[in-house]
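> Provided below are the primary sequence and the corresponding predicted coordinates.
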Amino acid sequence: MDRGLSAFLVAATADGSEVARIDDAPKALATGLKQQRRLSKSLSRKKKGSRNRKDAAARLGRHHHRVANVRRHFLHQVSGQLVKTHDRIVIENLNVTGMLRNHRLARAISDASWSEFARLLRYKQAWRAGQLIEADRWYPSTRLCPECGDIDSSMTLADRVFTCGCGHTADRDANAARNLARWGQGQHDTSTDPRTPKQRGRATKARRRDGAGQHPRVGETSPNDAGTDVHTAPAA
């Protein structure tokens with residue numbers, strides 16, 4: 001499963017069949033930015049220690065709370081549906097901290113909450129006896145051709161289509177998702193595909209079965225409590 005900004009996620013199987021895509025993730029932070037600036041400006045104009053300042057601070061706090069709730073609800077919905085339909089999920093171990101140094105993308109990356117999404121997938125897979133596998137962050141999922149194994153090192157963020165000299169062409173995100181699925185499959189195969197780079201990463205295995213002694217910790221929600229509107233790809 002590939003996580004991104006153009007599409008929040010694209011999931012595919014090792015043979016390239018797209019099984020899920022979410023393009024319209026709610027950008028809670030970006031949507032509420034204008035109101036946040038207005039509330040912050042109103043707060044700064046109030047006299048320190050005054051009742052008006054306390055009221056303005058409360059309004060700003062409620063706004064931040066709503067933004068967080070919208071994002072949290074969406075992440076719970078999507079992660080809940082994914083773990084219900086997939087026993088094994090493969091994602092990249094993204095260097096989110098490093099990505100946030102790109103000031104042009106920092107706000108969008110924060111809004112996407114990739115790290116929190118991975119955390120939800122991890123504990124929900126554990127609840128359902130599933131598995132979350134994280135591919136090494138240097139695995140070239142986006143630039144790797146799943147057909148011939150060549151790596152396109154010239155590919156940039158602006159390139160939305162992966163095109164290989166062997167003739168293989170695919171949507172950038174779908175290509176990455178397919179490669180991640182192949183990588184995860186290789187973790188379980190006895191024979192290694194020679195086209196697949198050295199496979200490194202970690203796997204989080206489940207400890208519980210569905211409905212057996214499940215006690216959520218603080219900040220955790222049972223996978224059974226969340227549904228979603230994940231857009232499933234039509235059957236071929």
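Now that the structure is in, tell me what you want to look at. The structure presented is a predicted model; accordingly, all values stated were derived computationally and were not measured.

> so where is this protein shaky, pLDDT-wise?
The chain contains residues with pLDDT under 70 at 28-32, 188-236.

> so how far is Arg172 from Arg178?
Per Cβ to Cβ, to the nearest Å, Arg178 is found 11 Å from Arg172. In this view, the C-beta of every residue, glycine as well, is placed from N, C-alpha and C.

> list the buried residues for the helix ranked longest in the chain?
Longest helix in the chain by number of residues (criterion: DSSP state H): helix 51-85. For helix 51-85, burial by neighbour count (16 or more other Cβ atoms under 10 Å) applies to 53, 56, 60, 63, 67, 70-72, 74-84.

> identify the residue spatially nearest to Asp152, adjacent ones excluded.
Once flanking residues are discounted, Asp152 sits nearest to Arg143: 4.8 Å by Cβ to Cβ, 6 or more residues apart in numbering.

> mind listing what the one you found touches?
Residues in contact with Arg143 (Cβ atoms under 8 Å, 6 or more residues apart in numbering) are Ile151, Asp152, Ser153, Met155, Phe162.

> just to revisit the earlier point, same for the following helix or strand past the longest helix of the chain, what does it pack against?
Beyond helix 51-85 on the C-terminal side, the first helix or strand identified by DSSP states H and E is strand 88-92. When contacts are defined as 3 or more Cβ pairs under 8 Å, 6 or more residues apart in numbering; DSSP states H and E, strand 88-92 sits against strand 2-3, helix 114-127, strand 131-135, helix 172-186.

> so what strands line up beside the shortest one?
Strand 2-3 has the following strand partners under DSSP bridges: strand 9-12 (antiparallel).

> show residues contacting the stretch of helix or strand Gly98 belongs to.
Here Gly98 sits within helix 96-99, counting by DSSP H and E. Applying Cβ under 8 Å, 6+ apart, the external contacts of helix 96-99 come out as Leu105, Ala106, Ile109, Trp114, Ser115.

> what's the neighbour count on the first one?
It refers to Leu105. 14 (other Cβ atoms under 10 Å).

> surely it meets Leu5?
Yes - checked against Cβ atoms under 8 Å, the pair Leu105 and Leu5 is within contact range at 6.9 Å.

> next up, phi/psi of the residue of the chain most remote from its centre, please.
The C-alpha centroid of the chain is most remote from Ser50, which lies 42.6 Å away (Cα atoms, centre = their mean). The phi/psi pair for Ser50 (degrees, to the nearest 10) reads phi -80, psi 160.

> do Ala112 as well
Dihedral angles (degrees, to the nearest 10) for Ala112: phi -70, psi -30.

> and the gap between it and Val78?
11 Å.

> what does His86 give?
If you go by Cβ to Cβ, the gap between His86 and Val78 works out to 12 Å.

> now Thr169
28 Å.

> now Asp111
Asp111 is 14 Å from Val78, by Cβ to Cβ.

> Phe117 and Val78 touch, don't they?
Yes - if you go by Cβ under 8 Å, Phe117 and Val78 touch, sitting 7.4 Å apart.

> for Met109, which non-adjacent residue is closest in space?
Quick fix: residue 109 reads Ile, not Met. Met99 (5.4 Å).

> and for Asn52?
Here the residue nearest Asn52, using Cβ to Cβ, 6+ apart, is Lys46, at 4.7 Å.

> returning to what we had before: nearest to Leu9, of the helices and strands packed on strand 88-92?
The closest of these to Leu9 is strand 2-3. By Cβ to Cβ, the value is 5.3 Å.

> quick one: residues in contact with that closest one.
Applying Cβ under 8 Å, 6+ apart, the set of residues contacting strand 2-3 is 9-11, 91-92, 94, 112, 114, 117, 141-142, 173-174, 176-177, 180.
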